[in-house]
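*Asks:* Here's my sequence, what's the structure:
(chains A and B)
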Amino acid sequence: MMQPAPPTGVAPPLQQQTQQPQYPHPHPQQPYMMMPPQAQPGAAVQAPPQMWAPQPPAQHHLLHQAQAQAQPTSADEVRTLWIGDLQYWMDETYLYSCFAHTGEQVTMVKVIRNKQTGQSEGYGFLEFANRATAERVLQAYNGSIMPNGGQNFRLNWATFSSGERRSDDSPDYTIFVGDLAPDVTDYMLQETFRARYPTVKGAKVVIDRVTSRTKGYGFVRFGDEGEQLRAMTEMNGVLCSTRPMRIGPATNKNTTGGQQPKGM
DNA sequence: GATGAGCGT
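*Replies:* Residues are numbered from 1 along each chain as shown, chains lettered A, B, ... in the order given. A predicted model of the protein is given here:
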């Protein structure tokens, strides 16, 4: 019941294989000083399969699927995902290796870098064989743990490539949640609210890109304004993990949520 | 304690 069954068929918690690489453990103390062996800038964009790649979803026939669905795809098909919250050492090779033996066909990865410093901007793009593949990956891996164990995949549809917007057209009603304990994850936050508010669409704990640790606050999105408003009062002070939450209004960039523009 | 989110040749 209370068991963390991911919302949209998200990959189950990583059952780490036998041994793991020289990656930091779930709570890396050092930011990005660790340079994984495979993460050589300029290395061929082709990583050998790694044992620590994430587990595929509940399906183990992905290889066959990938082949079966390797249809040429309409050229305008959206099959690129945006990926964020990357640490600085997470380069193309690393990203490839994340999916190398998942059975999903990654046709292109790119990490966006600062032109001057060459440093990663913390996001990139993943292109897949077709839309179905991209969608599967999005569903399965978004929010699941990344191979280094320190953070979760942050995936979304890339927006530029084609007009089709992925987002449902329903508005979001978002609240700010502060005072979060260090161990609170997106999922934990989401479920804390979803237990009482069925329209909860998602939650996000804000991660510091440098330390890859939580900043102690986050956001919860509702599909219904009434629930948003109720949660603002009802959930204030309610325990999430070990700490009472502090709820506030969210300054929403996406003003669809009935949020007043800043200054009002 | 605090207001995310970043979309490329």
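
*Asks:* residues in contact with the residue nearest to residue A:142 when sequence neighbours are not counted?
*Replies:* Nearest residue to residue A:142, sequence neighbours excluded (Cβ to Cβ, 6 or more residues apart in numbering): residue A:155, at 4.1 Å. Every residue, glycine included, has its C-beta placed from N, CA and C. By Cβ atoms under 8 Å, 6 or more residues apart in numbering, residue A:155 lies in contact with A:81-84, A:126, A:137-138, A:141-142.

*Asks:* Please apply the same query to residue A:205.
*Replies:* A:180, A:184-186, A:189, A:214-215, A:217-218.

*Asks:* Try it again at 7 Å.
*Replies:* A:180, A:184-186, A:189, A:214, A:218 (Cβ atoms under 7 Å, 6 or more residues apart in numbering).

*Asks:* related to what we said a few turns ago, who's the residue nearest to residue A:142 bridged to?
*Replies:* Beta-bridge partners recorded for residue A:155 (DSSP bridges): residue A:83.

*Asks:* how close does it get to residue A:231?
*Replies:* 26 Å (Cβ to Cβ, to the nearest Å).

*Asks:* In the stretch 151-264 of chain A, where is pLDDT below threshold?
*Replies:* Residues of the stretch 151-264 of chain A meeting the criterion pLDDT under 70: A:160-169, A:252-264.

*Asks:* can you do 80?
*Replies:* Within the stretch 151-264 of chain A, the segments meeting pLDDT under 80 span A:160-170, A:252-264.

*Asks:* near DNA strand B, which residues of it show up?
*Replies:* Counting by Cβ under 7 Å from any atom of the strand, the stretch 151-264 of chain A comes close to DNA strand B at A:154, A:156-161, A:174, A:176, A:178-179, A:204, A:206-207, A:209, A:215-217, A:219, A:221, A:246, A:248-254.

*Asks:* residues in contact with the residue nearest to residue A:146 when sequence neighbours are not counted?
*Replies:* Once flanking residues are discounted, residue A:146 sits nearest to residue A:153: 5.6 Å by Cβ to Cβ, 6+ apart. By Cβ under 7 Å, 6+ apart, the residues touching residue A:153 are A:141-144, A:146.

*Asks:* Distance check, residue A:105 against residue A:127.
*Replies:* Distance, residue A:105 to residue A:127, by Cβ to Cβ: 10 Å.

*Asks:* about what we covered before: now intersect the contacts of residue A:153 with the helices, please.
*Replies:* Using DSSP state H, the subset of these located in helices is residue A:141.

*Asks:* ok so, going back, give me the subset of the residues of the stretch 151-264 of chain A next to DNA strand B lying in strands.
*Replies:* Taking DSSP state E, the ones among those that sit in strands are A:154, A:156-157, A:174, A:176, A:178, A:204, A:206-207, A:215-217, A:219, A:221, A:246, A:248-249.

*Asks:* residue ranges of the strands in chain A, please?
*Replies:* Here chain A has its strands, by DSSP E, at A:80-84, A:106-113, A:120-128, A:154-157, A:173-178, A:200-207, A:214-222, A:239-240, A:243-244, A:246-249.
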